[in-house]
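Undergrad: Just the structure for this:
(4 chains)
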Protein chains: 2
Amino acid sequence: MDDRPELPLAQLHAFAVLAEELHFGRAAVRLGIAQPPLSQQIRRLEEKVGYPLFTREPGRVALTPAGEELLPAARQALALIAKGVAAAREAGSGRAGRLRIGFAASLALTVLPDLLRRFRADFPAVRLDIREMTSAPQLSALRAGMIDIGLLREPPTGDADLCFRTVLTEPFVAVVPAGHPLAGQRTVRIEQLAELPFVLLPREVGPPLYDQITALCADAGFTPRVVQNAVEWQTVCALVGTGLGVSLAPASVRRIRLGGVAFRGIDPGAAARVRTRVAVAWRRDDANPVVSNLLAILGQGPESGT
Amino acid sequence: MDDRPELPLAQLHAFAVLAEELHFGRAAVRLGIAQPPLSQQIRRLEEKVGYPLFTREPGRVALTPAGEELLPAARQALALIAKGVAAAREAGSGRAGRLRIGFAASLALTVLPDLLRRFRADFPAVRLDIREMTSAPQLSALRAGMIDIGLLREPPTGDADLCFRTVLTEPFVAVVPAGHPLAGQRTVRIEQLAELPFVLLPREVGPPLYDQITALCADAGFTPRVVQNAVEWQTVCALVGTGLGVSLAPASVRRIRLGGVAFRGIDPGAAARVRTRVAVAWRRDDANPVVSNLLAILGQGPESGT
DNA sequence: GTCGTCCATACCTCCAGAGATATCACGTAG
DNA sequence: CTACGTGATATCTCTGGAGGTATGGACGAC
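TA: Okay, here's the model as predicted:
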């Protein structure tokens, strides 16, 4: 069984104030109580400590050596607790604390910067830990409590522990070497990619997105011949730029500025209307108010004018 | 009016223990109470903070961000107060604290070392500030609260604010140059000093002692012709050693080992029975228990065998 | 399903202590 | 001397909260 401190904090506060004023009357006024209760508080405290803390010679109140020893401890403890409670309230309200965000690399150029900027504007005291992760690891990191927020593509549906909300949807674009004949067209039909070598993300990085891309090809009557994998879209585009092959990618890869690679819209038709979804993910039972605050900001929709 | 903290320290303790155990049952056992009261304590604390501090998912208790912020503050504050109270008790009992001692230089060779050694043996945690001061300044320093204990010669009587207790008495000795004819005698009669130049302390350093010495001379039928003042007995003896003159000094100056100076007892008679008193002085109203402890040690009398 | 674990809730007792007012005791200043 | 300032004491009220027991509800293990 632990030792139990039996000093009410209120008494220590009275003690600290009296130690400053060295005058029962004035100290009582500062405390907002009458003088006799203050005398009692101090007496009780002295009883608990076991030794007098003040000398009361008529006319002058002074600290005893024992009081001298207790005073700095009392002051520091009071300050610590006041600060601790304030910090806890900040954290409790979501105005402060920590938020660990995992994001897919391709989003570093689109939704992420805007989101971070707006969140930081509203909650400057929240420490943001952002780390780049592909989609599948985000889901397990969320479940393990390693991150609080995930930003990923093509969220799975019907997850028991996790919630998702779509942040934006975007169509696919064809990624072709700049020198390739297809780069000369304004738009590309998916069938035109049928015979070409493909550069794609490995399926494990994000199965739903991979499946969506292969489904696009299947609808066009072929199975893409993947000659090269890369775990980031930046790399995929760079490889396409070397002429290694072509790819199908979410439209936001257009933001990647690389020489030797061209992005072309998909030709009108069913395929052009297929869009990939970017979603935010969080634990369904996460009570962290910082998470709610971030979701609220996302809920306001993208800032107008940007 | 000051802000008044309204967190009982006991609740913070319960919080800290629960934060370690993360289990209401075990934490309650450690606190020595039943589980429901602990739940209530935590609930009350959460109400006062305004936000939940723990998440209670069935099977697992965990800290919320707010609890995470509060915990270190609570821990530190509890430790601080425990230490502060312990220190106050040490100081209150006189086992720790500070003691400022003023002492006459001539006592540095006699009562002071023994006293300090014995006091430190019993109260090793007390910080001793010792400073050399002549008698008169000791009295004002005591009254002003600059020192707590004085060690001086020939204390005044009937002081309203200060108390004195005689620590030892000692006879006077004649201090003569080693080469002087008087140094050849086993004892000296005071009359034999009548025509010789004197080296003495200035009267201001300790009027009663000075008056006592001149009274000795007056009883022997002469007024000493003082040719040189020195504020410390060490210096007086050194000057006597140079042949400048002779002196009458408390016997403990024999401890001063200097070449060229001889100490000789006073010849039997009334003068040989005159003794100077060394006393300890303290404020009558001083409640500092460290002072009482030192006086108690002095009260035991000098250690036998030394 | 049943049991066991674990925390919350409800309800009760009880008292320490916070607060107030009135008064006393003691010094000091006029 | 009286008046005032200051702190301690006496006495009362009242309530917050600490503690208990009994029980409920949710979940997990088997």
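
Undergrad: make it CA atoms for all contacts and neighbour counts henceforth
TA: OK.

Undergrad: Near DNA strand C, which residues of chain A? Just list them.
TA: Within chain A, the positions adjacent to DNA strand C are A:8, A:10-11, A:32-38, A:40-41, A:44, A:58-59 by C-alpha under 7 Å from any atom of the strand.

Undergrad: 10 Å - rerun?
TA: Contacts of chain A with DNA strand C, taken as C-alpha under 10 Å from any atom of the strand, map to A:6-12, A:14, A:28-29, A:31-45, A:47-48, A:57-60.

Undergrad: Out of these, which are close to chain B?
TA: Applying C-alpha under 8 Å from any C-alpha of the partner chain, the subset of these adjacent to chain B comprises A:6-10, A:29, A:31-32.

Undergrad: Give me the packing partners of the host helix or strand of residue A:295, helices and strands only.
TA: If you go by DSSP states H and E, residue A:295 is part of helix A:289-299. Helix A:289-299 is packed against helix A:65-93, strand A:96-103, helix A:111-122, with contacts defined by 3 or more C-alpha pairs under 8 Å, 6 or more residues apart in numbering or on different chains; DSSP states H and E.

Undergrad: buried subset of the residues of chain A next to DNA strand C?
TA: With neighbours counted by 16 or more other C-alpha atoms under 10 Å in any protein chain shown, these contain buried members at A:7-12, A:14, A:28, A:31, A:35, A:38-39, A:41-43, A:45.

Undergrad: Helix, strand or coil: sort out residue A:61 for me.
TA: strand (DSSP: H, G, I helix; E, B strand; the rest coil).

Undergrad: Model confidence for the residue lying closest to it once chain neighbours are set aside, exactly?
TA: What sits nearest to residue A:61 in space, not counting adjacent residues and going by C-alpha to C-alpha, 6 or more residues apart in numbering or on different chains, is residue A:22, at 5.2 Å. Listed pLDDT for residue A:22 reads 89.

Undergrad: And for residue A:22, the neighbour number?
TA: For residue A:22, the neighbour count with other C-alpha atoms under 10 Å in any protein chain shown is 19.

Undergrad: where do the strands sit along chain A?
TA: Taking DSSP state E as the test, the strands found in chain A are A:54-57, A:60-63, A:96-103, A:125-132, A:149-153, A:162-177, A:187-188, A:197-200, A:225-229, A:247-250, A:261-266, A:275-283.

Undergrad: Turn those strands into TSV, columns for mean pLDDT.
TA: Below are the strands of chain A laid out as TSV (pLDDT from 0 to 100):
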stretch	mean pLDDT
strand A:54-57	85
strand A:60-63	85
strand A:96-103	90
strand A:125-132	92
strand A:149-153	93
strand A:162-177	91
strand A:187-188	92
strand A:197-200	95
strand A:225-229	93
strand A:247-250	94
strand A:261-266	92
strand A:275-283	91
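
Undergrad: and these, which is most packed in?
TA: Highest mean neighbour count among those (mean count of other C-alpha atoms under 10 Å in any protein chain shown): strand A:149-153, with a mean of 27.

Undergrad: interface residues of the stretch 51-200 of chain A facing DNA strand D?
TA: Within reach of DNA strand D by C-alpha under 10 Å from any atom of the strand, the stretch 51-200 of chain A has these residues: A:52, A:54-62.

Undergrad: Show me which residues of the stretch 201-306 of chain A sit near DNA strand D.
TA: Residues of the stretch 201-306 of chain A lying near DNA strand D (C-alpha under 10 Å from any atom of the strand): none found.

Undergrad: Which part of the stretch 201-306 of chain A gets nearest to DNA strand D, residue-wise?
TA: Residue nearest to DNA strand D within the stretch 201-306 of chain A: residue A:285 (10.9 Å; C-alpha to the nearest atom of the strand).

Undergrad: Skipping adjacent residues, who's closest to that residue in space?
TA: Residue A:285 sits nearest to residue A:161 (C-alpha to C-alpha, 6+ apart), 7.4 Å away.

Undergrad: how close does that neighbour sit to residue B:58?
TA: Using C-alpha to C-alpha, to the nearest Å, we find residue A:161 at a distance of 15 Å from residue B:58.

Undergrad: Over to residue A:114?
TA: Counting by C-alpha to C-alpha, the gap from residue A:114 to residue B:58 is 38 Å.

Undergrad: And residue A:86, by the same measure?
TA: 29 Å.

Undergrad: just residue A:162 next, same as before
TA: Distance, residue A:162 to residue B:58, by C-alpha to C-alpha: 18 Å.

Undergrad: Can you list the low-confidence ranges for chain A?
TA: Across chain A, the ranges flagged by pLDDT under 70 are A:1-3, A:301-306.

Undergrad: show me the contacts for the nearest residue to residue A:273 once chain neighbours are set aside.
TA: Ranked by C-alpha to C-alpha, 6+ apart and with sequence neighbours excluded, the top spatial neighbour of residue A:273 is residue A:171, at 6.7 Å. By C-alpha atoms under 8 Å, 6 or more residues apart in numbering or on different chains, the residues touching residue A:171 are A:250-251, A:272-276.

Undergrad: now those in TSV, with distance to residue B:268?
TA: As requested, the contacts of residue A:171 are arranged in TSV below (distance: C-alpha to C-alpha, whole Å):
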residue	distance to residue B:268
A:250	119
A:251	120
A:272	130
A:273	129
A:274	127
A:275	123
A:276	120
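
Undergrad: Looking at the residues you listed, which is nearest chain B?
TA: residue A:276 (34.3 Å; C-alpha to the nearest C-alpha).

Undergrad: And stretch A:259-278, end to end?
TA: One end of stretch A:259-278 sits 26 Å from the other (C-alpha to C-alpha).

Undergrad: Show me what that stretch is in contact with.
TA: Residues outside stretch A:259-278 that contact it (C-alpha under 8 Å, 6+ apart) are A:151-155, A:166-179, A:183, A:185-190, A:209, A:216, A:237-238, A:240-242, A:250, A:254.

Undergrad: go on, stretch A:151-164?
TA: Stretch A:151-164 is contacted from outside by A:101-104, A:107, A:134-135, A:138, A:142-143, A:206, A:208-209, A:276-285, using C-alpha under 8 Å, 6+ apart.

Undergrad: bridging residues for the nearest residue to residue A:56 once chain neighbours are set aside?
TA: Excluding the flanking residues, the one nearest residue A:56 by C-alpha to C-alpha, 6+ apart is residue A:62, at 6.8 Å. Residues in a beta bridge with residue A:62, per DSSP bridges, are residue A:55.

Undergrad: Now do the contacts for residue A:62.
TA: Neighbours of residue A:62 in contact, by C-alpha under 8 Å, 6+ apart: A:19, A:22, A:54-56.

Undergrad: Equivalent analysis for residue A:202, please.
TA: A:210, A:229-231.

Undergrad: Count the residues that sit near the closest residue to residue A:109 other than its chain neighbours.
TA: Nearest in space to residue A:109, with sequence neighbours left out and distances taken as C-alpha to C-alpha, 6+ apart, is residue A:255 at 6.7 Å. Using other C-alpha under 10 Å, residue A:255 has 11 other residues around it.
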